[in-house]
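**Q** would you be able to build a 3D model of this:
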Amino acid sequence: MDFSITITTFNRADSLRRSLEALSRQDYPLEAVEIIVADNGSSDHTKAVADAFAAQVPHFRYIYDPRPGQLVGWHRAAAVATGIVTCFIDDDVRPDPGWLAALAHVYRDSSVGLATGPIRLDFEEAPPDWLATMTLGDPGYETVPLLGGLEAGPTTRDIPGNFVWGTNFTVRRSVLTEVGGFHPGAMPWDLIRFYGDGEIHIGRMAEQRGYRVLYHPGAAVQHAIPAGRLSLEAVMRKFTTSGCARSFQAIRASGQPLAAPSADDIRAIARRYFRDADAAPGDLVRAVEMGLDHGMTLQRDAFRTDPAFRDWVLHENYLDLDTCYRHPDLAARAQSDAAAGTDWRSGV
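**A** Here you go, the predicted model:
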């Protein structure tokens, strides 16, 4: 098998259908591809969508596991994947028809450990003017960290490992195992302190071990952006996860909680996400600052006061879900997210 493609999903059956339809239109033989839908406890018609698609493709697998957090879908799928290359996308992502063919070209080089391509934002409504202040880089070489948008030019090129983002994340399966899999990713909002540095950890570790990380302009995906992702509250929540990820990385590196940053420190970090923070609306800048501070504070306080949370952050290998999902707040949540309609990927 050449590729294993995993879509992690929760209660977004219609969006999942569009992603699966995009995969069915690939300019690549589907006989060499397996598709895995990792359902994180959906209560809508996700299973029916998966069953209908299973009848259309040669190699399909559906996995259901209601434990909270994207880590569950990632690692349940990784445990059964058979492809030489494993690809992970979200259920609001639609790969372009040439996506797999471009990736196949990249991975012919055995030194390549990870690869990605353009992540193009497909807005439900016209984005607000202020988004331009959070678009970094020059035309054709832009990133939008707020929404995961990525353009790195018209040619295949080496890129930093931390630019292979979850909406278009591909990694050689042997490398995924070698670096110990993913770190914790998206969580329901009330469990957001458990958020880690997810897929970014894999890119950094692979790079440290000498693997090449490549961007191919043909390996493009379209990422659907609903209007709700562009509210001030959504911005604050997004940067709460960024604060958690920063704290998580620091704790893993030192074994100690991140020291409380000053207001000037928070301001300096926040400005890195703006092309020109002085030109951005003040309430937008404050939402970014508040989110960063909130995320770092949540993790710092939990690490200091909760021994079980310390075990979670410092866990050696998250590939073994049964050993890392022992915190009582995680263990107790089996199907409550589905009942409440909580979206575990975005923390909303």
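
**Q** I'd say Pro188 and Pro68 touch.
**A** Yes. Shown here, Pro188 and Pro68 form a contact pair, counting by Cβ atoms under 8 Å, at 5.5 Å. All C-beta atoms are positioned from the backbone trio N, CA, C, and that covers glycine.

**Q** which SSE is immediately downstream of the helix or strand encompassing Asp311?
**A** Using DSSP states H and E, Asp311 falls within helix 307-313. The C-terminal neighbour of helix 307-313 among helices and strands, as given by DSSP H and E, is helix 321-324.

**Q** pLDDT of that next one, averaged?
**A** Average pLDDT, helix 321-324: 92.

**Q** mind listing what's buried along the next helix or strand along the chain from that helix?
**A** Once helix 321-324 ends, the next helix or strand along the chain (criterion: DSSP H and E) is helix 328-331. Buried residues in helix 328-331, counted by 16 or more other Cβ atoms under 10 Å: 329-330.

**Q** between Pro188 and Pro68, who's got more neighbours?
**A** Pro68 (28 against 22; other Cβ atoms under 10 Å).

**Q** please name the nearest non-neighbouring residue to Pro217.
**A** Pro154 (5.4 Å; Cβ to Cβ, 6 or more residues apart in numbering).

**Q** and Gly117, by the same measure?
**A** The shortest distance from Gly117 to any non-neighbouring residue, by Cβ to Cβ, 6+ apart, is to Ala219 (2.8 Å).

**Q** can you show me the helices along this protein?
**A** Secondary structure of the chain (DSSP state H): helices located at 13-24, 46-54, 70-80, 99-106, 173-178, 200-208, 232-254, 263-271, 282-305, 307-313, 321-324, 328-331, 336-340.

**Q** quick one: closest of those to Gly140.
**A** Closest of the helices of the chain to Gly140 is helix 99-106, at 17.5 Å (criterion: Cβ to Cβ).

**Q** run through who's touching the closest one.
**A** Contact with helix 99-106 is made by 2-3, 26-28, 33, 85, 87, 112, 115, 117, 156, 170, 214, 216-221, as judged by Cβ atoms under 8 Å, 6 or more residues apart in numbering.

**Q** now, of these, which are buried?
**A** Buried members of those, counted by 16+ other Cβ under 10 Å: 2-3, 26, 28, 33, 85, 87, 112, 115, 117, 156, 170, 214, 216-221.

**Q** which ones among those residues map onto strands?
**A** Of the positions in the buried ones among the contacts of helix 99-106, 3, 33, 85, 87, 112, 115, 170, 214, 221 sit in strands, assigned by DSSP state E.

**Q** may I ask which two of those residues are separated the most?
**A** Val33 and Leu214 (19.8 Å).

**Q** now do the same end-to-end measure for stretch 220-234.
**A** The first and final residues of stretch 220-234 sit 25 Å from each other (Cα to Cα, to the nearest Å).

**Q** list the buried residues for it?
**A** 220-225, 229-230, 234.

**Q** tell me the backbone dihedrals of His59, please.
**A** phi -130, psi 110 (degrees, to the nearest 10).

**Q** span of stretch 150-170 from start to end?
**A** End-to-end span of stretch 150-170 (Cα to Cα): 15 Å.

**Q** tell me which residues of it are tucked away?
**A** 150-152, 156, 159, 161, 163-170.

**Q** quick check: mean pLDDT of that stretch?
**A** 96.

**Q** likewise stretch 196-212?
**A** On average, stretch 196-212 scores 96.

**Q** send me that stretch as CSV with only the CA atoms.
**A** The C-alpha trace of stretch 196-212 is given here as CSV (Å, rounded to 0.1, in the frame of the first residue of the first chain):
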residue,chain,number,x,y,z
GLY,A,196,-0.2,19.9,23.4
ASP,A,197,2.0,20.6,20.4
GLY,A,198,0.3,17.9,18.3
GLU,A,199,1.9,17.3,14.9
ILE,A,200,4.5,20.1,15.3
HIS,A,201,6.4,17.7,17.5
ILE,A,202,6.8,15.2,14.7
GLY,A,203,8.2,17.8,12.3
ARG,A,204,10.7,19.0,14.7
MET,A,205,11.9,15.6,15.8
ALA,A,206,12.2,14.3,12.2
GLU,A,207,14.2,17.4,11.2
GLN,A,208,16.5,16.8,14.2
ARG,A,209,17.1,13.2,13.0
GLY,A,210,18.2,14.4,9.6
TYR,A,211,15.0,13.8,7.5
ARG,A,212,14.1,16.2,4.8
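
**Q** got the contact list for it?
**A** With contact meaning Cβ under 8 Å, 6+ apart, stretch 196-212 is reached by 70-71, 88, 109, 111-114, 158, 160-166, 169, 171-172, 175-176, 178-186, 213, 244-245, 248-249, 313.

**Q** flag every buried residue along it.
**A** Buried residues in stretch 196-212, counted by 16+ other Cβ under 10 Å: 196-207, 211-212.

**Q** how far does it sit from its chain's centre?
**A** 14 Å (Cα atoms, centre = their mean, to the nearest Å).

**Q** before we move on, what about stretch 225-234?
**A** Worked out by Cα atoms, centre = their mean, stretch 225-234 lies 17 Å from the chain centre.
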